[in-house]
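>>> just to be clear, the model below is a prediction. Sequence and coordinates:
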Amino acid sequence: MMNEESKIEPHTFILFGATGDLARRKLIPALYNMYLRGQIPADTRIVNVARSAYDDHGYRTLAREAMREFAPKSITKEDTWNDFAKKMFYCQLDASNLDHYKKLVNMVEEIEAHSNTKNRLFYLAMAPDFFATVTQNLQESGLSHTEGWRRLIIEKPFGHDFASAEALNNELRSVFEEDEIYRIDHYLGKEMVQNIEVIRFANSIFEPVWNNRSISNIQITSSETVGVEDRASYYEHAGALRDMVQNHMLQMVMMIAMEPPSRLKNEAIRDEKVKVLRSLRRFSPEEVKDHVIRGQYGVGTMNGQQVPAYVQEKNVNPSSETETYVAAKLYVDNFRWAGVPFYIRTGKRLSVKSTEIVIQFRDMPKHLYFNQDGNLGPNLLVIRVNPVEGMYIQLNAKRPGTDEMVVPVAMEFSQPLDASQEAYERLFYDAMRGDSTFFTRWDEVSLAWKFVDPIAEAFTEKRLPLHHYTAGSHGPEAADNLLAKEGHRWWPVYGQETASVEARLEKETATLREGKNHENP
Ligand SMILES: NC(=O)C1=CN([C@@H]2O[C@H](COP(=O)(O)OP(=O)(O)OC[C@H]3O[C@@H](n4cnc5c(N)ncnc54)[C@H](OP(=O)(O)O)[C@@H]3O)[C@@H](O)[C@H]2O)C=CC1
Ligand SMILES: O=C1O[C@H](COP(=O)(O)O)[C@@H](O)[C@H](O)[C@H]1O
């Protein structure tokens with residue numbers, strides 16, 4: 001996050017994996033939306049690289065199809081799209097074959113001769129097995145040598161464990177400097193994840209209460225309705241722990257728990273985030289069972305349709321023990337957070353698609369007020385990351401016109417739907433400006449793996465049970481017990497259907513009526 005608006009300089013954007021799922025679904029629409037906003041400099045060109053046989057025209061047609069399928073509302077004027085499409089070129093090559101790079105070098109040099117820029121931005125949207133090879137080939141072909149700036153954006157996953165991540169990092173660092181490497185975690189491109197920093201550090205009401213004296217617990221949920229889809233070959237080895245916890249979930253923990261940075265400079269911010277990971281209590285494989293729940297979805301019903309169990313999905317081993325759900329109780333052992341549990345949970349084939357962060361404040365020292373059932377809900381700050389973007393503070397108040405003495409009410413801020421940019425647009429914008437704040441630095445990645453590795457080891461050694469949950473449910477009951485042991489309960493997350501806070505509060509009031517107190521469920 002740069003304080004002063006730095007400009008995007010003209011550059012050549014070289015996209016490896018340009019025909020793939022990610023490119024078609026997210027990257028092409030992101031670049032076009034940036035073009036519409038005037039964020040792509042006139043002299044910037046996009047060189048698309050993949051193995052399939054296309055010429056420039058054929059690739060532009062593929063890109064147009066991708067827009068039709070994945071971003072149908074973005075193109076309102078065909079002429080504007082055609083102007084953008086003229087910026088795109090295609091180079092067919094096998095990225096693992098160094099000899100093929102001559103063609104790419106020639107194409108890039110020819111483009112640069114016309115566009116008057118030597119800046120090069122490489123994006124590796126390919127399977128991770130290629131990351132090291134392509135980086136070496138960029139070096140040996142001479143592509144990474146340029147008189148302008150050069151940057152490398154790299155997709156996830158960054159390794160499979162600490163050892164493989166370190167080996168990959170060494171390969172990248174033999175060609176690029178750390179400050180030239182932009183490791184993507186697309187959660188860091190989400191509007192409300194970026195907003196956490198602003199909410200915390202631009203509002204004086206929060207800092208005095210942002211600590212263990214006022215906060216009872218923090219709950220971070222990323223719940224998905226989709227199953228493994230066609231990604232079994234990757235997911236079978238990753239599971240929810242590596243796929244979501246090592247990166248996205250820990251990034252949100254860092255954003256919530258970090259100390260204020262001394263300046264709004266990328267390194268100052270990332271220094272503070274890294275300190276959180278240093279304070280994160282590590283579990284030995286023996287301790288994992290007391291802090292982590294793992295689950296796997298079974299058969300269930302979603303939207304009235306029966307869906308298969310994980311082990312029945314395409315290319316999944318029928319006896320697979322890969323986890324599709326993880327819940328965990330984490331502790332950040334520093335002065336600010338000592339004793340405050342950070343509960344995280346993430347899973348596939350759950351009842352709703354929703355990412356939310358709930359900060360639950362401590363109960364009043366003495367209750368003067370009660371609602372009619374003798375319960376009083378705690379104050380909450382709810383940060384809604386997805387699908388609704390916004391936040392609200394849940395308070396207790398007397399609502400006129402009701403019989404109840406005290407009811408939950410909310411002070412709400414919410415972004416209009418569709419108002420904010422896609423995560424990839426924001427991340428491209430930052431990488432093009434040279435702002436790496438919302439990309440992960442190597443020490444973040446390495447510490448995250450060091451935290452996750454013993455948990456993965458405990459999973460492999462079957463030191464904790466694999467709980468099966470019904471697809472379409474809210475996950476395994478064992479995850480509820482994890483909180484109940486501490487006198488807490490999960491706050492439900494709601495999807496698009498329950499976008500309004502009023503509807504949520506009504507549900508909360510009904511829960512209180514059932515007599516469930518949040519500290520003593
Ligand atoms: N898809 C998604 O939603 C997400 C993907 N990612 C990450 O993005 C990366 C790409 O994923 P995704 O798009 O799904 O993968 P795909 O398998 O759909 O696409 C792979 C791309 O790499 C190209 N490719 C494969 N082999 C070669 C080769 N030898 N030489 C040149 N090009 C080659 C393919 O080209 P061709 O088909 O023409 O051979 C294709 O363009 C991965 O790291 C993934 O983890 C991260 C988050 C989400
Ligand atoms: O990185 C990943 O994230 C998605 C979830 O992202 P979201 O933006 O839809 O919340 C997840 O489905 C995928 O398995 C994982 O690789």
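Received the coordinates, thanks. Ligands and ions are numbered 1, 2, ... in the order given.
>>> stretch 128-144 vs ligand 2: in contact?
No: contact of stretch 128-144 with ligand 2 (CB under 6 Å from any ligand atom) is absent, the minimum separation being 11.6 Å. Backbone N, C-alpha and C define where each C-beta goes, glycine included.
>>> residues from this structure in reach of ligand 2?
222, 224, 243, 355, 386.
>>> if you set the cut-off to 8 Å instead, what comes out?
Counting by CB under 8 Å from any ligand atom, the chain comes close to ligand 2 at 156-157, 186-187, 190, 222, 224, 226, 231, 235, 238, 243-244, 247-248, 348, 353, 355, 385-386, 423.
>>> confirm that Pro208 sits in a strand.
No: if the criterion is DSSP: H, G, I helix; E, B strand; the rest coil, then Pro208 is helix and not within a strand.
>>> could you find the closest non-adjacent residue to it?
Ranked by CB to CB, 6 or more residues apart in numbering and with sequence neighbours excluded, the top spatial neighbour of Pro208 is Ser214, at 7.7 Å.
>>> ok, that neighbour - contacts?
Counting by CB atoms under 8 Å, 6 or more residues apart in numbering, Ser214 touches 208, 361-362.
>>> swap in Ile383?
Counting by CB under 8 Å, 6+ apart, Ile383 touches 192, 195-196, 199, 356-359, 391.
>>> inside strands: which ones of those?
Using DSSP state E, the subset of those located in strands is 356-359, 391.
>>> save the residues you listed as CSV, and put in neighbour count too.
CSV is the format used below for those (neighbours: other CB atoms under 10 Å):
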residue, neighbour count
Glu356, 23
Ile357, 25
Val358, 20
Ile359, 23
Met391, 24
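>>> any chance of CSV for those residues, columns pLDDT?
Below are the ones in strands among the contacts of Ile383 laid out as CSV (pLDDT from 0 to 100):
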residue, pLDDT
Glu356, 96
Ile357, 98
Val358, 97
Ile359, 98
Met391, 94
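>>> which one of the residues you listed is nearest His474?
Using CB to CB, the shortest approach to His474 within these belongs to Glu356, at 13.0 Å.
>>> can you spell out the domain ranges of this protein, please?
As recorded under automatic domain parsing, the domains making up the chain are 12-155, 188-513.
>>> quick one: closest of the ones you listed to Leu172.
Checking the domains of the chain against Leu172 by CB to CB gives domain 12-155 as the closest, at 5.4 Å.
>>> hang on, Trp490 in a strand?
No: counting by three-state DSSP, Trp490 is located in no strand; its state is coil.
>>> give the contact list for it.
219, 221, 343, 345, 474, 479-480, 483.
>>> still on that earlier bit, would you turn the contacts of Ile383 into JSON lines with distance to Ala71?
Output for the contacts of Ile383, formatted as JSON lines (distance: CB to CB, whole Å):
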{"residue": "Met192", "distance to Ala71": "21"}
{"residue": "Asn195", "distance to Ala71": "23"}
{"residue": "Ile196", "distance to Ala71": "27"}
{"residue": "Ile199", "distance to Ala71": "29"}
{"residue": "Glu356", "distance to Ala71": "25"}
{"residue": "Ile357", "distance to Ala71": "28"}
{"residue": "Val358", "distance to Ala71": "31"}
{"residue": "Ile359", "distance to Ala71": "34"}
{"residue": "Met391", "distance to Ala71": "27"}
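>>> and the furthest pair within the residues you listed?
Asn195 and Val358 (15.5 Å).
>>> name the element the closest residue to Gly377 other than its chain neighbours belongs to?
Nearest residue to Gly377, sequence neighbours excluded (CB to CB, 6+ apart): Pro408, at 5.1 Å. Assigned by DSSP states H and E, Pro408 belongs to strand 407-414.
>>> which other residues reach that strand?
Outside strand 407-414, the residues within contact range by CB under 8 Å, 6+ apart are 371, 377, 384, 388-399, 501-502, 505, 508-509, 512.
>>> that strand: which residues count as buried?
Residues of strand 407-414 classed as buried under the neighbour-count rule (16 or more other CB atoms under 10 Å) are 407-410.
>>> what does stretch 108-118 give?
Residues of stretch 108-118 classed as buried: 108, 111-112, 115, 117-118 (neighbour count, 16+ other CB under 10 Å).
>>> before we move on, what about stretch 135-149?
Buried residues in stretch 135-149, defined by neighbour count with 16+ other CB under 10 Å: 135-138, 141, 143-144, 146.
>>> cool, and stretch 154-172?
154-160, 162, 165, 168-169, 172.
>>> of these, which belong to helices?
Those of the buried residues of stretch 154-172 mapping onto helices are 162, 165, 168-169, 172, per DSSP state H.
>>> TSV for those, including distance to ligand 1 and pLDDT?
Below are those laid out as TSV (distance: CB to the nearest ligand atom, whole Å; pLDDT from 0 to 100):
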residue	distance to ligand 1	pLDDT
Phe162	19	98
Ala165	14	98
Leu168	12	97
Asn169	16	98
Leu172	14	98
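>>> ok, of those residues, which one's closest to Ile75?
Taking CB to CB as the measure, Ile75 lies nearest Leu172 of those, at 35.6 Å.
>>> pretty sure the closest one contacts Arg151?
No: in this structure Leu172 lies outside contact range of Arg151 using CB atoms under 8 Å: 11.9 Å.
>>> can you list residues touching both of those two?
Common contacts of Leu172 and Arg151 (CB under 8 Å, 6+ apart): Ile181.
>>> interface residues of the protein facing ligand 1?
Counting by CB under 8 Å from any ligand atom, the residues of the chain near ligand 1 are 16-26, 49-52, 92-97, 124-128, 130-131, 155-157, 184, 186, 231, 234.
>>> ok, now how distant is Gln421 from His186?
For Gln421, the distance to His186 equals 12 Å [CB to CB, to the nearest Å].
>>> next: Phe13.
Phe13 is 18 Å from His186, where distance means CB to CB.
>>> for Val175, same thing?
24 Å.
>>> Glu110 now?
Glu110 is 33 Å from His186, where distance means CB to CB.
>>> could you check which residue of the stretch 301-450 of the chain lies nearest ligand 1?
Residue nearest to ligand 1 within the stretch 301-450 of the chain: Tyr424 (9.6 Å; CB to the nearest ligand atom).
>>> run a quick neighbour tally on the closest residue to that residue other than its chain neighbours.
Closest residue in space to Tyr424, ignoring its immediate chain neighbours: Ala30 at 3.9 Å, by CB to CB, 6+ apart. Using other CB atoms under 10 Å, Ala30 has 23 other residues around it.
>>> do the one 5 residues further on as well
Here the count is done by other CB under 10 Å, and Tyr35 has 19 residues near it.
>>> excluding its backbone neighbours, what's nearest it?
Counting by CB to CB, 6+ apart, Tyr35 lies nearest to Phe84, which is 4.7 Å off, once chain neighbours are set aside.
>>> tell me the secondary structure at that neighbour.
Secondary structure, three-state DSSP: Phe84 is helix.
>>> if I pick it, what's in contact with it?
Shown in contact with Phe84 (CB under 8 Å, 6+ apart): 31-32, 35, 40.
>>> ok, so of the residues you listed, who is nearest Glu461?
Leu31 (44.7 Å).
>>> name the SS class of the closest one, please.
Of the three states, Leu31 takes helix according to three-state DSSP.
>>> what of the one 4 residues further on?
Per three-state DSSP, the local secondary structure of Tyr35 is helix.
>>> same question for Thr511.
Secondary structure, three-state DSSP: Thr511 is helix.
>>> and if you look at Tyr343?
The local conformation at Tyr343, judged by three-state DSSP, is strand.
>>> what bridges to it?
Each beta-bridge partner of Tyr343 is listed here, defined by DSSP bridges: Gln219, Lys329.
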